[in-house]
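Engineer: How does the following fold in three dimensions:
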Amino acid sequence: MAEDTHKKIVFKYYSTYLEEIVSETMWAEIVDLEKGYFKLDNIPFFGPLIATDDIFRAEYDENEKFLMHKETIESSGNSILQILVLEKEFDKEIIVEKLKTVNCISESLNDTFFAVEVTKSVDYLIVKSLLDEYESNSIIEFAEPCLSEKHRTDLLKN
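Structural biologist: Residues are numbered from 1 along each chain as shown. This next block holds a predicted model:
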């Protein structure tokens, strides 16, 4: 990533998955440096209520020596899901590939945990149905830490 168009931003929040306060550093595109406005250009693993392409404000923190997320200003309509593979011998790439076929990309933390971006244009019912099937068979567990208004509306259509 080019430093002249992007900055690394630190996000601090309580992770229910890790049960502690964590810091996650993510890349963001500069929208208005003077105002401290950025657009998230990463898929958060544990993240606060923020998704890719959301516009947020960050300020330089003297203690951290980094730009720190302060508030989300505008939602992109994208959602972020967290998936934990429970079945030891299961290859998570099977789910990753199925999600790709419905235009959802993901980022892996390790062999058993990954985060998924569901863009605004994707019908969330298709994604949820796919994940519900794996969850009902105790292969995975998934969470919806950042479900956009658009995707909540998709669920209501069911």
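Engineer: Mind telling me what element Ala28 is part of?
Structural biologist: Per DSSP states H and E, Ala28 falls inside strand 20-32.
Engineer: quick one: low-confidence parts of the chain?
Structural biologist: 1-2, 17, 47-48, 158 (pLDDT under 70).
Engineer: Start from the N-terminal end of it and give the helices.
Structural biologist: Counting by DSSP state H, the chain has helices at residues 93-101, 124-136, 149-156.
Engineer: Can you name the residues in contact with the first one?
Structural biologist: Just to be clear, that refers to helix 93-101. Ile83, Ile105, Ser106, Ser108, Phe114, Val116, Val127, Leu130, Leu131, Tyr134, Ile140 (CB atoms under 8 Å, 6 or more residues apart in numbering). Every residue, glycine included, has its C-beta placed from N, CA and C.
Engineer: Let's see that with 6 Å instead.
Structural biologist: If you take CB atoms under 6 Å, 6 or more residues apart in numbering as the criterion, helix 93-101 is touched by Ser106, Val116, Leu130.
Engineer: which residues does the second one contact?
Structural biologist: Going by CB under 6 Å, 6+ apart, Val116 touches Leu81, Leu99, Cys104, Ser106.
Engineer: For Asn63, see how far away it is.
Structural biologist: Counting by CB to CB, to the nearest Å, the gap from Val116 to Asn63 is 33 Å.
Engineer: Equivalent analysis for the last one, please.
Structural biologist: Leu130 sits at a distance of 43 Å from Asn63 (criterion: CB to CB).
Engineer: neighbour-wise, which of the two wins?
Structural biologist: Higher neighbour count among Leu130 and Asn63: Leu130, with 16 against 6, using other CB atoms under 10 Å.
Engineer: and the nearest residue to the more buried one once chain neighbours are set aside, how many neighbours does it have?
Structural biologist: Leaving out its chain neighbours, the residue that sits closest to Leu130 by CB to CB, 6 or more residues apart in numbering is Lys98, at 5.9 Å. Lys98 has 15 neighbours, counted by other CB under 10 Å.
Engineer: Run a quick check on Arg57 versus Thr72, I expect a contact.
Structural biologist: No. In this structure, Arg57 is not within contact of Thr72 by CB atoms under 6 Å, at 8.1 Å.
Engineer: Ramachandran angles for the residue of the chain positioned farthest from its centre?
Structural biologist: Distance from the centre of the chain peaks at Glu62, with 26.8 Å (CA atoms, centre = their mean). Main-chain dihedrals, Glu62, degrees, to the nearest 10: phi -60, psi -40.
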